[in-house]
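**Student:** what's the 3D shape of this:
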Amino acid sequence: MRKVILGLAISLDGYIEGPNGEFDWCFTDQDYGLNEFFSRIDALFIGRKSYEIKQQFEDGSGERIPGMPAMTEYVFSRTLRTVKTGAVLISDNAIDEARKIKAKPGKDIWLYGGAVLTEQMLEAGLIDELWLSVHPILLGSGKQLFKKQEHRINLKLLESKTYDTGLVSLRYGISN
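**Tutor:** Predicted coordinates:
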């Protein structure tokens, strides 16, 4: 079965964006393992807010992140009525639909963003791995990655890598 991997940048104090939604603090000066990660995935789970932000940064070719291959995008939203050509809009039964997609043959799935979507999928036990790029900055406020959880979630360190910029890449498996 495919894995759902939450992969994102996070500040050392646990924020995924600054107080005004900014992410200008994220390093973009080198690969930081993205190309290897891209070889493992063929689908993207994304919430509405993250989808709308990503759309603002796509160029005419549809490229969002340099080197990111074409993949199926599943946009989870109760308010959007349409998404770009090739993307799949999931408006109802998000968790059930995610389970069905996860059960289909294919490579792993990148849970790209959406604090609400992440919270729902974590609570439902759909996330298999966390790949966190911990940036050496204390934002002090903004949007936190993890909200209050109903129960403990045990993690197993699968890989760690430190870069000369001070970024630390941590990959954890979720133990159920």
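**Student:** going forward, measure contacts between C-alpha atoms and count neighbours the same way
**Tutor:** Will do.
**Student:** so which helix or strand of this structure has the lowest pLDDT on average?
**Tutor:** Among the helical and strand segments of the chain, the one scoring lowest on mean pLDDT, DSSP states H and E is helix 48-57, with a mean of 75.
**Student:** quick one: mean pLDDT over whichever helix or strand comes after it.
**Tutor:** Using DSSP states H and E, the helix or strand that directly follows helix 48-57 along the chain is strand 72-76. When pLDDT is averaged along strand 72-76, the result is 94.
**Student:** tell me, how many residues neighbour the nearest residue to residue 149 once chain neighbours are set aside?
**Tutor:** Spatially, and ignoring its direct neighbours in sequence, residue 149 is nearest to residue 123 (7.7 Å; CA to CA, 6 or more residues apart in numbering). By the measure other CA atoms under 10 Å, the count of residues near residue 123 is 14.
**Student:** quick one: the strands in the chain?
**Tutor:** Taking DSSP state E as the criterion, the chain contains strands spanning 4-11, 15-17, 41-47, 72-76, 88-90, 108-113, 129-135, 143-144, 154-162, 168-175.
**Student:** now those strands in TSV, with mean neighbour count?
**Tutor:** Converted to TSV, the strands of the chain look like this (neighbours: other CA atoms under 10 Å):
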stretch	mean neighbour count
strand 4-11	23
strand 15-17	24
strand 41-47	21
strand 72-76	22
strand 88-90	18
strand 108-113	24
strand 129-135	21
strand 143-144	17
strand 154-162	12
strand 168-175	18
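**Student:** how about low-confidence regions in this structure?
**Tutor:** Low-confidence segments of the chain, defined by pLDDT under 70: 57-67, 176.
**Student:** need the residue closest to the centroid of the chain.
**Tutor:** Computing the C-alpha centroid of the chain and ranking residues by CA atoms, centre = their mean puts residue 112 first, at 2.4 Å.
**Student:** which ones are touching that one?
**Tutor:** With contact taken as CA atoms under 8 Å, 6 or more residues apart in numbering, residue 112 is in contact with 6-8, 44-46, 50.
**Student:** and which of the residues you listed is nearest residue 171?
**Tutor:** Within the contacts of residue 112, distances to residue 171 taken as CA to CA reach their minimum at residue 7, with 8.8 Å.
**Student:** check whether that closest one really touches residue 128, as I assumed.
**Tutor:** No - taking CA atoms under 8 Å as the definition, residue 7 is not a contact partner of residue 128, at 11.0 Å.
**Student:** brilliant, that's me finished.
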